[in-house]
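> give me a 3D structure for the following:
(one chain, ligands or ions: 1)
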Amino acid sequence: GIHGTNVNGAGDSEDKRFTEGEDEQTLTTRQGHPIRDNQNSRTIGNRGPATLENYQLIEKLAHFDRERIPERVVHARGTGAHGYFETYGKLGDEPVENYTRAKVFSGAGKQTPVFVRFSTVTHGKDSPETMRDPRGFAVKFYTEDGNWDLVGNNLKIFFIRDAIKFPDLIHSFKPDPVTNRQDTERIFDFICQTPESMHMITFLFSPWGIPANYRQMQGSGVNTYKWVNKNGDAFLVKYHWEPKQGIKNLTQSEAEAIQAKNISHATQDLYEAIEKGDYPEWELCMQIMEDGEHPELDFDPLDDTKIWPEDQFPFLPVGKMVLNKNPNNVFAETEQISFGTGVLVDGLDFSDDKMLQGRTFSYSDTQRHRVGANYLQLPINAPKKHVATNQRDGQMAYHVDEAPTQNPHVNYEPSLLGGLKEATDRPKPHQPKVEGHLKKEKIERTNDFKQAGERYRLLEEWERKDLIQNLVDGLKPCHQQIQQRMIELLTKCDEDYGRQVAAGIGFTMNDDGTYDMEAGSEITPSFGHFPIEGG
Ligand code: HEM
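Below you'll find the model as predicted:
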C-alpha cells in the first residue's frame, strides 16, 4: 500500500507474481487470469449468441460502464501539473516566522511538492477553454505537517460574499434547465439583484474574463485567511500568485477565433510547455494586516468582493512555485484530486469570513459524494507523510490508515491498550474571541460600487471597449426590467459606465438624466423568455 497495511497483505513474495508463460507484459483480468483472446467474445458457434458466464467480457464491459464518476458540479473542465513550492524565508524585510509558524514557509530555499489544477467554472468537463468565466487556480501543498490546499481563482474577488447565495449564482450561470443553453438573461436576472457582484462583473466581462491560457494568468486565494505565529498572534492575509510569464487576456473575438479550431488550447499550452522544459513559475505574494475589524477602512477586510488596495497593503513575496511534471494519468490525478478550503496546516488559519466557512463545508461534502468516502486514501489526495486515524471501512476502503503498531485491535481513542495517541506537544491553536448576536444580516460596510467604478476607470481603453460591448451583447436579449436595473447599478459604479452600456443597448437619456426605457424595449424584444411578474 501507499501508506499502512494493504487489507489483503498482497505482494509478499515476488516470484509468485507470474504464472507459467507469463511476464510483465501479459494481459490479465483484475482477478489475475491471463487473457488468451481479447478479440472474441465467447459464443455458441462463431455467429453467437454470446453467453452470460463469460467473465472476461462481463468484467470488461461492466468496468467500462463505471469509468465515469460525477464531474465536479463547478470547475469540471480543468488541467493539472506537478511541481514544487520554494520559500524565500522572508516577508518584506522580516523573517517570515514573525508572522506564521507554518513550516511550509519557514527558512529560505525549502521545497515542498505541489499539485496544481487550473479550471474554468461553469460548463462541463469537455467544454471549450475559451469561455468567459473565472479560472480556478487550486494548489495542493504536500507539506511535512500534512496537506495544505490553497483553492483560488485567477481574479482577486468574487461575485458574492455569503455562501448561501452560491447555488443560485451557479444555477444562473449554468445552462437553462429547459433549453440546456447558457442564457445571459438568467445571468443578469440574478446579477442585477446582486449589487455586490458589480466589481466581479466588471472584471469578468472585460478581457480579464478570458485569460489567454493558464500560464499567463494570476491566482488569488480571494477569501481572507489568517497567519498565526509561534506566540499565537494572528494576522489577516490574502494570497496572490503572480505569473513570471506575464499576464495575457483575450478579447471576445480573439477567443472566438481560437475556439473555432481548438477547445483545449489552455490544456495543450500547459502540457506542451512542461514537456519541452519551459516550466511555468509563479511568485507567491502576501498582503497582510493586523487582525481586527479595521473600522478605518471603507470596506470590510473579510469581504471577498473587495481588493485590499496595493498602496496600503503592498504585495510581499514569500516564495515561488514551479510546475515541472505532467500527470501520468489525467483521471487518477487531475480528475480525482480533491481540494478544500478547510485543508490548512498549523500556522495557517481561517478568518471569520462567513463565505469561507460555507466553502469549507462544501468542498469535502461534495468530494465524499463525487470521489467517495475514502477519497483521502487515493495517492493524489493522501499526504506524503505519516497518516494514522481510527477511521475505518466505507466504500472502496483501500487500506487501514497506519494502525497502531502496539495493538492493531484498538481502533478507538483514548485507550490504555496501545492505541494511537494525541500529539499533545503540538503548539496551542490560535484562540480568537468571538462575540455577537446570532442573526441573518449582511455586513455593514457593503460599499458595493466604489471599487467597481475604480476598476472601470483603471482599465485600458481597449479593455473598456470590450467590456462595454460584451455587456451590451449580453444585455440586449434581456427583459427590459433587467436592463434597467443593470444600468442603474453600473451608473452607481461610474456614470460613464452606465451611460455607455445604456447607449449600446439603445436607450436614450432624457433631459433629467433618466433613461427612456421605452426606446430600449423596442429594440430589445424579450424573445420567448419567461415573463417577469409586473414587468
Ligand atoms: C470547486 C463550492 C467559491 C474556487 C468547487 C466545488 C465546489 C465548490 C462544490 C467542486 C469541488 C470538487 O468537486 O472537488 C464553492 C462554494 C463557494 C465557492 C460553495 C462559495 C460559497 C469559490 C471561490 C473560489 C473558488 C470564491 C476562488 C477563490 C474553486 C476552485 C475549484 C472549486 C479553484 C476547483 C478545484 C479543483 O480544481 O478541483 N467549489 N466554491 N470557489 N472552487 Fe469553489
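> from here on, just use CA atoms for contacts and neighbour counts.
Will do.
> for Val151, grab phi and psi.
Phi and psi for Val151, reported as degrees, to the nearest 10, are phi -100, psi 100.
> ok, it touching Ser119?
No - under the criterion of Cα atoms under 8 Å, Val151 lies out of contact with Ser119, with a separation of 11.2 Å.
> any idea which element whatever residue of the stretch 351-500 of the chain ends up closest to the ligand lies in?
Distance from the ligand to each residue of the stretch 351-500 of the chain (Cα to the nearest ligand atom) is smallest for Arg359, at 4.4 Å. Of the helices and strands defined by DSSP states H and E, Arg359 is found in helix 354-370.
> find the nearest non-adjacent residue to Ile390, please.
Residue 390: Asn, not Ile. If the residues on either side of it in the chain are set aside, Asn390 comes closest to Asn411, at 5.0 Å by Cα to Cα, 6 or more residues apart in numbering.
> which residues touch that neighbour?
The neighbours of Asn411, taking Cα atoms under 8 Å, 6 or more residues apart in numbering as the test, are 390-391, 403, 419.
> tell me which residues form a beta bridge with the most centrally placed residue in the chain?
The chain has Gly136 as the residue nearest its centroid, 4.3 Å off, counting by Cα atoms, centre = their mean. Listed beta-bridge partners, Gly136: Ser119, Asn153 (assigned using DSSP bridges).
> do I have it right that it meets Asn154?
Yes - contact status for Gly136 versus Asn154: in contact at 6.3 Å, counting by Cα under 8 Å.
> find residues that contact each of those two.
Each of Gly219 lies in contact with both Gly136 and Asn154 under the rule Cα under 8 Å, 6+ apart.
> dump the C-alpha coordinates for the helix holding Arg359 into CSV.
Provided in CSV are the C-alpha atoms of helix 354-370 (Å, rounded to 0.1, in the frame of the first residue of the first chain):
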residue,chain,number,x,y,z
LYS,A,354,-18.7,33.6,6.6
MET,A,355,-18.3,32.8,3.0
LEU,A,356,-15.1,30.9,3.8
GLN,A,357,-17.0,28.8,6.3
GLY,A,358,-19.6,27.9,3.7
ARG,A,359,-16.9,27.0,1.2
THR,A,360,-15.2,24.8,3.7
PHE,A,361,-18.3,22.7,4.3
SER,A,362,-19.0,22.4,0.6
TYR,A,363,-15.7,21.1,-0.7
SER,A,364,-15.2,17.9,1.4
ASP,A,365,-19.0,17.3,1.3
THR,A,366,-19.0,17.2,-2.5
GLN,A,367,-15.9,15.1,-2.6
ARG,A,368,-17.3,12.4,-0.3
HIS,A,369,-20.1,12.2,-2.9
ARG,A,370,-18.0,12.8,-6.1
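> now do the buried residues in it.
Using 16 or more other Cα atoms under 10 Å as the burial criterion, the residues of helix 354-370 that qualify are 354-357, 359-360, 363-364, 367, 370.
> give me the distance between the closest residue to the ligand within the stretch 1-150 of the chain and Gly152.
Across the stretch 1-150 of the chain, the shortest distance to the ligand (Cα to the nearest ligand atom) belongs to Gly136, at 3.5 Å. For Gly136, the distance to Gly152 under the criterion Cα to Cα, to the nearest Å works out to 6 Å.
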